[in-house]
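In: What would the 3D arrangement of this be:
(4 chains)
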There are 2 protein chains.
Amino acid sequence: MLKYEKIAEDLREDILRGKYQSGEQLALEKEMCAQYKVSRITIKRAVDALVSQGLVVKRRGSGTFIKSLKDEDVKELGMANQFSGFAATYRDRKVETDILRFDIVHPDEAVAAKLQITTEDFVYDIIRVRKLDGEPVVIEYTKMPIQLIPGIKKSVLETSIYAYIEKKLKFKIQSAHRTVKADMPTAEEKKALQIEGILPILEVEQVAFLDDGLPFEYSVSRHRGDRNVFRSVSIR
Amino acid sequence: MLKYEKIAEDLREDILRGKYQSGEQLALEKEMCAQYKVSRITIKRAVDALVSQGLVVKRRGSGTFIKSLKDEDVKELGMANQFSGFAATYRDRKVETDILRFDIVHPDEAVAAKLQITTEDFVYDIIRVRKLDGEPVVIEYTKMPIQLIPGIKKSVLETSIYAYIEKKLKFKIQSAHRTVKADMPTAEEKKALQIEGILPILEVEQVAFLDDGLPFEYSVSRHRGDRNVFRSVSIR
DNA sequence: GAGTGGTCTAGACCACCCC
DNA sequence: GGGTGGTCTAGACCACTCG
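Out: This is a model prediction of the structure:
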């Protein structure tokens, strides 16, 4: 592990363990330099990581201070703005997957454009329902170019496509661009998500990229509005 | 303007102007050092800014490459993960504000906890409907501690609270922690937002912080589901 | 092996805060 | 005036990619 990563993790654990009060001042950068025996820039990188996680604020001329947060917000913060698949996000709960569709088709113009391929290429066309502890929470529509991500099988869909891409194909996932909106479920979705009466959908449309800059997935995840939220922290 | 900011802006404009193709390689860091006459770390900071905006990817051993994005995604990206008030976000359109409530009250336990004050303190209790080009798009419920943000008047609510805080009070806004979810409008909200029939709400709950780490605003913005989306880019 | 970006150093100067 | 974090430098070594 890199020095600045290690230091950032140490500090983060101290904060989450409640070592500091709301608004309390952290050790000075100079002090941390001595404590960890590293240069000031390395300390700065570590503390900047905490700033972008929303845990602390820096004040030039004064020092670095713990942000005044409710505990529940603090605990969720590690996940905000993060990138991970469904299975990884809920790895402490019972996750089941129903595969409603698994075909190979040509993409339409819009999807082809987002995946930077042509309508002549082939993509997987996947529809899955994800359940937590037996309750359906989200229906995911996924399209991936087969030329980029070969060898997807039913067993992969039942667990995690991301784990397959990173562990089997040895690719690295770099980022995801997301658009979130509210919508109403279709009749089919109401059935698949076991929705009775009127309940809205939280839709997350996503284009995901490998670390070579190529888009490898276009997906639309439509979540039951009563069982999901989307978190983010923005700085500055 | 700082050197790395200036360089990042230059590069960003080049990309948005279409100087590069999807996947094309940028100048090497060493070349940029010579071109801008700065050190390599300064170049690195500038290029890292583009990475966090989702515009490029870096590959150790190879170079830096333009990400393969659809144009509309690229153009929206500057706004994603950014922090600004309603008026600033839509400054090229006609913005109107209806003030439905403007009182001073004691906060309940939940709000007091989020604002790090007690239920004995006072907060502004504000409800506003925002309109774009005459059409209502969002109803905002705002609570702010009067001890931290004094002197709010009706005229401030009609334009921008954030502009008042930054320009009149000379405070700096540091960050916002947000939770997004889908919901259905209440009967009052349907009336205020001129919703007929069944239309969901995109709710953004937010705690905003000043640069001294103190929370100064708790707000819930409930947007018409057909007129708003929420964007984000997550890296790694 | 040549070349890329990643990390880290030791030190300088600056803008800002508080006493 | 003394001390804080912010920016920037010049240079070193490392991990990785590619021919």
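In: all strands for chain A, in order.
Out: Ranges of strands in chain A, per DSSP state E, are A:56-59, A:63-66, A:95-105, A:123-132, A:135-145, A:173-183, A:201-210, A:215-224, A:230-235.
In: Mind checking the ones you listed for the one nearest to residue B:212?
Out: Closest to residue B:212 of those is strand A:56-59 (C-beta to C-beta; 6.4 Å). Heads up, the C-betas are built off the backbone N, CA and C, glycines and all.
In: what does that closest one contact?
Out: A:15, A:26, A:47, A:50-51, A:64-67, B:174-175, B:209, B:211-213 (C-beta atoms under 8 Å, 6 or more residues apart in numbering or on different chains).
In: Now the two most distant members of these.
Out: The span of the contacts of strand A:56-59, defined through C-beta to C-beta, is set by A:15 and B:211 at 18.4 Å.
In: what's the burial count for residue A:58?
Out: 18 (other C-beta atoms under 10 Å in any protein chain shown).
In: Please verify my assumption that residue A:54 contacts residue A:66.
Out: No. The pair residue A:54 / residue A:66 is not scored as a contact, 11.2 Å apart, by C-beta atoms under 8 Å.
In: in chain A, which ranges drop under the pLDDT threshold?
Out: Chain A contains residues with pLDDT under 70 at A:71-72, A:74-84.
In: Which residue is it, in it, that comes closest to DNA strand D?
Out: Closest approach between chain A and DNA strand D, counting by C-beta to the nearest atom of the strand: residue A:61, at 3.2 Å.
In: neighbours of that residue, just the number please.
Out: 4.
In: show me what contacts it?
Out: Counting by C-beta under 8 Å, 6+ apart, residue A:61 has no contacts.
In: before we move on, what about residue A:202?
Out: A:180, A:182, A:222, A:223, A:224, A:225, A:228, A:229, A:230, B:180, B:181, B:182.
In: What residue spans form the domains of chain A?
Out: A:3-77, A:86-224 (automatic domain parsing).
In: Any chance of CSV for the ones you listed, columns distance to residue B:199?
Out: Below are the domains of chain A laid out as CSV (distance: least, C-beta to C-beta, whole Å):
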stretch, distance to residue B:199
domain A:3-77, 29
domain A:86-224, 8
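In: To residue B:113, which of the ones you listed lies closest?
Out: domain A:3-77 (5.3 Å).
In: Tell me how far the residue of chain A closest to DNA strand D lies from residue B:39.
Out: Remark: distance between residue A:61 and residue B:39 (C-beta to C-beta, to the nearest Å) = 25 Å.
In: Get me the contact residues on chain A for DNA strand D.
Out: Within chain A, the positions lying close to DNA strand D (C-beta under 7 Å from any atom of the strand) are A:26, A:28-30, A:40-41, A:44, A:58-64.
In: Now the two most distant members of the residues you listed.
Out: A:41 and A:62 (19.9 Å).
In: Minimum distance to residue B:164: which of the domains of chain A has it?
Out: Among those, domain A:3-77 sits nearest to residue B:164 (C-beta to C-beta), with 21.1 Å.
In: Establish whether the closest one and DNA strand C are in contact.
Out: Yes. Remark: domain A:3-77 sits within contact range of DNA strand C at A:3-4, A:37-42, A:45, A:59-62, by C-beta under 7 Å from any atom of the strand.
In: Mark which of those are part of helices, please.
Out: A:3, A:4, A:40, A:41, A:42, A:45 (DSSP state H).
In: Turn these into a markdown table, columns for neighbour count.
Out: Formatted as a markdown table, those follow (neighbours: other C-beta atoms under 10 Å in any protein chain shown):
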| residue | neighbour count |
| --- | --- |
| A:3 | 15 |
| A:4 | 19 |
| A:40 | 11 |
| A:41 | 12 |
| A:42 | 18 |
| A:45 | 16 |
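In: show me what contacts the nearest residue to residue A:12 once chain neighbours are set aside?
Out: Distances taken as C-beta to C-beta, 6 or more residues apart in numbering or on different chains place residue A:50 nearest to residue A:12, at 6.3 Å, with adjacent residues excluded. Going by C-beta under 8 Å, 6+ apart, residue A:50 touches A:8, A:11, A:12, A:15, A:56.
In: Quick check: closest non-adjacent residue to residue A:217.
Out: Closest to residue A:217 by C-beta to C-beta, 6+ apart is residue A:208, at 4.3 Å.
In: Then residue A:112?
Out: residue A:119 is the one closest to residue A:112 (C-beta to C-beta, 6+ apart), at 4.9 Å.
In: With residue A:136 instead?
Out: Closest to residue A:136 by C-beta to C-beta, 6+ apart is residue A:193, at 4.7 Å.
In: is it true that that neighbour touches residue A:139?
Out: Yes. Using C-beta under 8 Å, residue A:193 makes contact with residue A:139 at a distance of 6.1 Å.
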